[in-house]
Each structure stands twice: as structure tokens, then as C-alpha cells.
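Novice: prediction below, plus the sequence it came from.
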Amino acid sequence: MAKFFKLTDNLGFYWGGGKKRYTQTPTPQQTNTIIEGVPQFLSPDNWDAYDIFMTTPEVHAVVNLKSSLLASGAWKHYKRDANGDKQLVEGSDFVNFLENPNPLMNGNDYNYLLDQSKSIHGKSFEYILKGFSSQQIPTALNILPPNKVTIETTGKWYKQTKIEDIISRYRYETDYIQTDEMIYRRIANSNNPIDGESPLKSLFMPISNIREAYKFRNVIMSKRGALGMLTNQSSNSIGAIPLKDIERKRIEQQYHDSYGTDDDKAQMIISNAPLSYQAMSYPTRDLLLFEEVNEDFMKIIDTFGLNINLFSQTKGATFENVSQGLKQAYQTTIIPEAEELAMNRTKFFGMDGKNEWLELDFSHVLVLQENEVEKTQVINNKANATQTLVNAGYTLEEVKDIIQF
């Protein structure tokens, strides 16, 4: 009998205990944190990951950029000829399909939303639409919202060799989908090998702090009340003399009518009454809210494998820093993820992966082309140096010792 599998599946027990040991707000050693307060963090067990993504600017910016970079890749179909050389397949039906997977979007849009789904939820589900089961290239692929898909498992996993022996079927709202009708990809979860884990879950503390910082700044701006107050400094031998009501009203009216930033108003108050000004507001820079948001933002950037120079900063970034940041993002994050997606598509279409395969190619990206130019220059320099040394009477073996190939 099939078992419903969600994040609360007991399978997690075998990987070191329940989920709360990693996400529950820790009890501080001292309970008097900021006047008897305790940390107030969002709970990733109860939040809607997509809602967090849509309403937290820093998360939205990072995930969107990552998905955009992946979507910049172009599908290529390759095979090996009789000599074992790599050959591009022109007019490939597989590439044509991946460039137009369904009536609503092209290939770039599809890869963008697919990566976004995986980045937010830690998993992605693609429904395979076919006219008949033996159809090699499907009629369409459609991305399903992960929060509406439930995985039904057989209750077995570590002795099984086929996915259908582990996952019996999927349920999308009220519809049931068989395992051969779904492409299921996920971010590896060491606590549960079947289900993916949202990377946002590990960021629940930085995300909480960012959202609280925005709330606090909004309260300061919208609920700040009076900016300050003028207090009477008159006194006699007995003590302070309070302002009479008529004098207080006169000062208030004069302040309202005569002073301000308009052309016909004065900026300096001159009064016969001995008054002292006391500020009521608190400078936001002293609260370090902007620094807190920036620190948390960098944690999000690191989690998704991008670079701080690709995002808006108060200090800005040089062209070289942005260029190097893009190279780093492509090389360490985007290209490895693109290779995983390409292997998935190669297997999905029944290619063997050795003599015929698909690639998500980024050679057209300008910052990566700079690397190719540098490689070409190095090769040309070595070739010229080799020719010069050979003409001077050195053997090829001696040249190899002199020039590092």
C-alpha cells in the first residue's frame, strides 16, 4: 500500500533525528536579551517558501539572477563520428523541442522557471505530456508548483533499483501522476534521500533579520510621532516654572505658521521664552540596520553560489570586479548545474551519453569568451616560442622542458 511522503516523513529518523533540532530557535543562555526579549525567527516549517521569495527583496534578487544566468544557456546536440570526434548535430529534433517545450513559453523561459522552482523549493516537477507511451520526444513539458505536489512512496528505498519501486506515484492536487509521467529533480538532502530540501530553510535566521529590519525602518518612518519637543527652562528660587497654556499655544501656533522649508517661512526660531529642544527620534544609522541587512544578504548570495559584485552596493563595484564575479558564478555554480540538467535531459531522451548527448552551452557569453581568447593567446605564444627554440637547434624534448605544456 502506498504511503504519503512529505517533509514530515519518518524516514528522516534514520538520518539523525527530527527536523526541529536544526531549525528550532535556540534558547539563549541569558534571557535578558535586549530588555528581557528573546530572538524571534521565522519558522521554515510553517512558512510558504514562494511567499518568502516574493516578499524578501534580497532573496528575490539572488534567485532571479541565478535563474537568469542558467537560462542564458543554449541547447546543443552532439554525437561522435566514426573516428570518435565530437560533432554538432544540426537541426536536432531534441533541441527544437527543448527550445519550445510547451505553448506558454520558450526554452529560456522554461529553464528560468525550472531553476527558480528548484532554488526556492529544493525540487522541481515536470509533467510529461505524450500522445502515446512509446513517443521518444513528448508533446509538451509543463512545470508543476512543488507546493501542490505530494510524493507517494512504497515505503522502501535502499534495496530498490528502479524509481517506481521507491516512488509509486505523484499527486498533483486531485490528479494522480505515474512515475514515468514526471521528471523529478531535487537538491540532495542528506536527512532524507527521497525529498529535496529548500536552501531557504538554512537561511531562516538571516531572512528573519532582513524582514525585521525592514519592519523596524518602516515603523520609524510611519509611526515615529513627534520629531522632538521644546521644553521650558524657566525657573525661580523654588524650581522650574511651567509654561502657561496661553504661552504654550502661542509658541505652537508660531512654530506652525512661521517656520519651515517653504520660501515664505523662516528656518530659525527666535523666542522670548527660555526654551530647550530635545530630539525624540533615534538615528537609524546608529541601529546598524543597513549593515545587518547587508551581512544577511551576503549569506544568501553565498548559499546560492553567486558573487556580491553582481548586485547593487552602496560602494559600487568596478567593471573588472563584475566581470570576475560573473566568471566565478558561471564556473562554480551555473555550469555545474547546467551539466546536471543536460545529463538529465540526455537520459530522458534515451541517449547513451557517450556517443550522443545534449549540452547546455554558454560559449556565447561574453565574459566566458574572454577566457577562450586568453587560452588562444597562451597557445599561440607557446607555439611561437616552440618554433623559435626548434629553429635555434633545440630538440622537442628540450623544448618541453623549457616551456610548460
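Specialist: Here it is on my side, so go on.
Novice: in this protein, which residue is closest to the centre?
Specialist: By Cα atoms, centre = their mean, the chain has its centre lying nearest to residue 63, at 3.0 Å.
Novice: give me the element that residue is part of.
Specialist: Taking DSSP states H and E as the criterion, residue 63 maps to helix 57-71.
Novice: so which elements touch that helix?
Specialist: With contacts taken as 3 or more Cβ pairs under 8 Å, 6 or more residues apart in numbering; DSSP states H and E, helix 57-71 sits against helix 49-55, helix 107-121, helix 289-303, helix 319-329, helix 335-348. For the C-beta atoms, the positions are set from N, CA and C on the backbone; glycine is no exception.
Novice: please identify the most buried of the ones you listed.
Specialist: Mean neighbour count, computed with mean count of other Cβ atoms under 10 Å, is highest for helix 107-121 among the helices and strands packed on helix 57-71, reaching a mean of 21.
Novice: could I get that one in CSV with only the CA atoms?
Specialist: Extracted in CSV, the C-alpha atoms of helix 107-121 (Å, rounded to 0.1, in the frame of the first residue of the first chain):
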residue,chain,number,x,y,z
GLY,A,107,13.2,27.2,-23.8
ASN,A,108,14.9,30.2,-22.0
ASP,A,109,11.7,30.9,-20.0
TYR,A,110,11.3,27.3,-19.2
ASN,A,111,14.8,26.9,-17.9
TYR,A,112,14.4,30.1,-15.9
LEU,A,113,11.3,28.9,-14.1
LEU,A,114,12.6,25.4,-13.7
ASP,A,115,15.7,26.7,-11.9
GLN,A,116,13.6,29.1,-9.9
SER,A,117,11.4,26.3,-8.7
LYS,A,118,14.4,24.2,-7.6
SER,A,119,16.1,27.1,-5.9
ILE,A,120,13.0,28.1,-3.9
HIS,A,121,11.6,24.7,-3.0
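Novice: helix or strand right after that helix?
Specialist: Next along from helix 107-121, by DSSP H and E: strand 123-129.
Novice: now the angle from that next one to helix 107-121?
Specialist: Interaxial angle, strand 123-129 versus helix 107-121 (axes from the mean of the first three to the mean of the last three Cα atoms, to 10 degrees): 140 degrees.
Novice: so which bits of strand 123-129 are buried?
Specialist: Within strand 123-129, the residues that count as buried by 16 or more other Cβ atoms under 10 Å are 123, 124, 125, 126, 127, 128.
Novice: CA atoms only: put it into CSV for me.
Specialist: Only the C-alpha atoms of strand 123-129 are listed here, as CSV (Å, rounded to 0.1, in the frame of the first residue of the first chain):
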residue,chain,number,x,y,z
LYS,A,123,12.9,20.4,-6.0
SER,A,124,11.1,20.6,-9.4
PHE,A,125,8.4,18.6,-11.0
GLU,A,126,7.8,18.4,-14.8
TYR,A,127,4.7,16.7,-16.2
ILE,A,128,5.4,14.8,-19.4
LEU,A,129,2.6,15.0,-21.9
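Novice: quick one: list the elements packing against it.
Specialist: Strand 123-129 sits against helix 107-121, strand 140-144, strand 167-172, strand 182-186, with contacts defined as 3+ Cβ pairs under 8 Å, 6+ apart.
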